[in-house]
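Undergrad: let me see the structure of the following:
(chains A and B)
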Amino acid sequence: MAGKPILHYFNGRGRMECIRWLLAAAGVEFEEKFIEKPEGLDKLKNDGSLMFQQVPMAEIDGMKLVQTRAILNYIAAKHNLYGKDMKERALIDMYSEGVADLGEMIMHLPLCPPAEKDAKLTLIREKTTNRYLPAFENVLKSHGQDYLVGNKLSRADIHLVELLYYVEELDPSLLASFPLLKALKARVSNLPAVKKFLQPGSQRKPPTDEKKIEEARRAFKF
Amino acid sequence: MAGKPKLHYFNGRGRMECIRWLLAAAGVEFEEKFIEQPEDLDKLKNDGSLMFQQVPMVEIDGMKLVQTRAILNYVATKYNLYGKDMKERALIDMYSEGVADLGEMILLLPLCPPDQKDAKIAQIKQSITNRYLPAFEKVLKSHGQDYLVGNKLSKADIHLVELLYYVEELDPSLLASFPLLKGLKARVSNLPAVKKFLQPGSQRKPPMDEKNLEEAKRIFRIK
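TA: The predicted structure is shown next:
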């Protein structure tokens, strides 16, 4: 009998947070084993648990899966959050990858050298307002349905709503001219499993603290 | 009746090459519309053809798909190169993503400032020899089968073999201590559709040269 998935990562958002969101939204309980020191990471490497010597790693259904997308794709398929056919999957992938592109920019912001930070932030705002949010607002507008694909909750909605929370953290005014996205955010946030995950005390991780990043940087040498 | 897939990109490898490889290996004929001027890219953007104003874009089965992975996943599923179930797909994804990580480093090398290039190349070679090739050699060794997953050709084999060609272009000696990978490369290269794609005159694109790089920078407005 398969136990709960076990997630191996640092105690922070990073590349694991989208996996936490997806599991939570799917109503799947999971455990976390936090890597707190370089020795913790070394042990996983020496165990042969990490195919490319990297985390995230998720122990799930007898597999030790690495690579964020491999983990996300498996969870989405297992829990019916990946559309009903090939063509729906293609749309879901296209939307999820767009979310990932913007998410990557936002994730790297704390790692940006101070001299480049303002320029980077401006670029992110510009892309958010002129490229990404309009694209997703247009999808919702085009069919008038509650969810991005197939009139049913999918991973694309979950990834996008997670991203909208980060956009809001960056600057709430960025969401102002996107009523359908605001509605999607409210609707998904109100689903019982998501609502629970959004409450204090859940496994959702807070914004990345710059001090924490510096510590991690020194400890893990990146 | 669906026509041939139509690939929109500039005339170079970039982010479209893995898609060309996959279609070719699947035995699928495709057309290419090359973006030659910044204005061509503008036209696609203004047409509403590019969801995120970016290429690659592939017209396939009535869709205008962007995002490399969305396109690859669709093609792989359609042509049975994505395993037989969820767990095989997970392994295929894990391996394909590892290939993509190394591929990305190699892809971005031409954009590296000249004073950082040697260090970058050294770092890439180190990753190849100590991280990526051993990981894939180990997979093949673990089951002794001809292909990475499920004893059957999948997108993972095609992506990996494409990458091995680029590793060889960087430095042929890097493949020396990986006999099973060399075996896989030879085996996949010998499949009729791949063999055809590897011949001169196919739609396979050559390594980027200075001229090609300048063209890409001009079209995509990269400084």
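Undergrad: point me to the helix or strand that includes A:I158.
TA: Counting by DSSP states H and E, the element that carries A:I158 is helix A:155-170.
Undergrad: can you give me the buried ones in that helix?
TA: A:155-164, A:166-167, A:170 (16 or more other Cβ atoms under 10 Å in any protein chain shown). The C-beta positions use only the backbone N, C-alpha and C, and glycine is treated the same way.
Undergrad: what does stretch A:206-214 give?
TA: With burial defined by 16+ other Cβ under 10 Å, the residues of stretch A:206-214 counted as buried are A:T208.
Undergrad: again, but for stretch A:180-196
TA: A:L181, A:L184, A:K185, A:V188, A:L191, A:V194.
Undergrad: so which pair among the buried residues of helix A:155-170 is furthest apart in space?
TA: Pairwise distances across these (Cβ to Cβ) peak at 22.6 Å, for the pair A:R155 and A:L170.
Undergrad: how far does the lengthiest helix in chain A sit from its chain's centre?
TA: Ranked by number of residues, the top helix in chain A under DSSP state H is helix A:86-108. Put simply, helix A:86-108 sits 10 Å off its chain's centre (Cα atoms, centre = their mean, to the nearest Å).
Undergrad: list the contacts of A:N151.
TA: Neighbour list for A:N151: A:H143, A:Q145 [criterion: Cβ atoms under 8 Å, 6 or more residues apart in numbering or on different chains].
Undergrad: helix, strand or coil for it?
TA: The three-state label given to A:N151 by DSSP: H, G, I helix; E, B strand; the rest coil is coil.
Undergrad: show me what contacts A:R69?
TA: The contact partners of A:R69, taken as Cβ under 8 Å, 6+ apart, are B:R69, B:D93, B:E97.
Undergrad: chain neighbours aside, what residue packs nearest to the last one?
TA: This points to B:E97. Among residues not flanking B:E97 along the chain, A:Q67 sits closest, at 3.7 Å (Cβ to Cβ, 6 or more residues apart in numbering or on different chains).
Undergrad: OK, contacts around that neighbour?
TA: Contacts of A:Q67 (Cβ under 8 Å, 6+ apart): A:M51, A:F52, A:P56, B:D93, B:M94, B:E97, B:G98.
Undergrad: likewise A:T208?
TA: Per Cβ under 8 Å, 6+ apart, neighbours of A:T208: A:G12, A:R13, A:G14, A:P110.
Undergrad: A strand includes it, no?
TA: No - the assignment for A:T208 is coil, going by three-state DSSP, so no strand is present there.
Undergrad: dump the helix or strand of chain A with the lowest mean pLDDT to CSV, restricted to CA.
TA: The helix or strand of chain A with the poorest confidence is helix A:210-220; it has a mean of 77 (mean pLDDT, DSSP states H and E). C-alpha atoms of helix A:210-220 as CSV (Å, rounded to 0.1, in the frame of the first residue of the first chain):
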residue,chain,number,x,y,z
GLU,A,210,16.4,37.6,1.7
LYS,A,211,18.3,36.8,4.9
LYS,A,212,17.4,33.1,4.5
ILE,A,213,18.6,33.1,0.9
GLU,A,214,21.9,34.5,2.0
GLU,A,215,22.3,31.7,4.6
ALA,A,216,21.3,29.1,2.0
ARG,A,217,23.7,30.6,-0.4
ARG,A,218,26.6,30.3,1.9
ALA,A,219,25.7,26.9,3.2
PHE,A,220,25.0,25.3,-0.2
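Undergrad: how far is it from where the chain is centred?
TA: Mean-position distance between helix A:210-220 and its chain equals 21 Å (Cα atoms, centre = their mean).
Undergrad: which residue ranges form the strands in chain A?
TA: For chain A, strands defined by DSSP state E occupy the ranges A:6-9, A:31-34, A:57-60, A:63-66.
Undergrad: let me see the domain layout of chain A.
TA: Annotated domains of chain A cover A:6-79+A:197-220, A:86-190 [the TED database].
Undergrad: and the end-to-end length of the last one?
TA: So that's domain A:86-190. Length of domain A:86-190, first residue to last, Cα to Cα, to the nearest Å: 29 Å.
Undergrad: just how off-centre is it within its chain?
TA: Counting by Cα atoms, centre = their mean, domain A:86-190 comes out at 11 Å from the chain centroid.
Undergrad: where does chain A dip in pLDDT?
TA: Low-confidence segments of chain A (pLDDT under 70): A:1-2.
Undergrad: what residue lies at the spatial centre of it?
TA: A:C18 (2.2 Å; Cα atoms, centre = their mean).
Undergrad: touching, that one and A:E162? I think so.
TA: Yes - using Cβ atoms under 8 Å, A:C18 is in contact with A:E162, at 6.2 Å.
Undergrad: what do the two both touch?
TA: Counting by Cβ under 8 Å, 6+ apart, the residues touching both A:C18 and A:E162 are A:G103.
Undergrad: A:L44: neighbouring residues, count only.
TA: 18 (other Cβ atoms under 10 Å in any protein chain shown).
Undergrad: show me what contacts it?
TA: Contacts of A:L44 (Cβ under 8 Å, 6+ apart): A:H8, A:I35, A:L50, A:V55, A:M57.
Undergrad: ok, of the residues you listed, which come out buried?
TA: For those, a burial check counting by 16+ other Cβ under 10 Å picks out A:H8, A:I35, A:L50, A:V55, A:M57.
Undergrad: for the residues you listed, work out which two are farthest apart.
TA: With distances taken as Cβ to Cβ, the most widely separated pair in the buried ones among the contacts of A:L44 is A:I35 and A:L50, at 10.8 Å.
Undergrad: one step back: for chain B, state which of the contacts of A:T208 is nearest.
TA: Using Cβ to the nearest Cβ, A:G14 is the member of the contacts of A:T208 that lies nearest chain B, at 15.8 Å.
Undergrad: would you agree the closest one is in contact with A:P110?
TA: No - with contacts defined as Cβ under 8 Å, A:G14 does not count as touching A:P110, sitting 10.2 Å away.
Undergrad: next, count neighbours for A:A216.
TA: By other Cβ under 10 Å, neighbour count at A:A216 equals 20.
Undergrad: quick one, what contacts it?
TA: Contacts for A:A216 were tallied using Cβ under 8 Å, 6+ apart; they are A:F10, A:G12, A:F222.
Undergrad: same thing but 10 Å
TA: The contact partners of A:A216, by Cβ atoms under 10 Å, 6 or more residues apart in numbering or on different chains, come to A:F10, A:N11, A:G12, A:G14, A:I35, A:E36, A:L111, A:T208, A:D209, A:F222.
Undergrad: still on that earlier bit, if I look at A:G14 and A:P110, which residues touch both of them?
TA: A:T208, A:I213.
Undergrad: surely A:G40 meets A:L50?
TA: No - contact between A:G40 and A:L50 fails when scored by Cβ atoms under 10 Å: they sit 11.7 Å apart.
Undergrad: so what sits against both of the two?
TA: A:H8.
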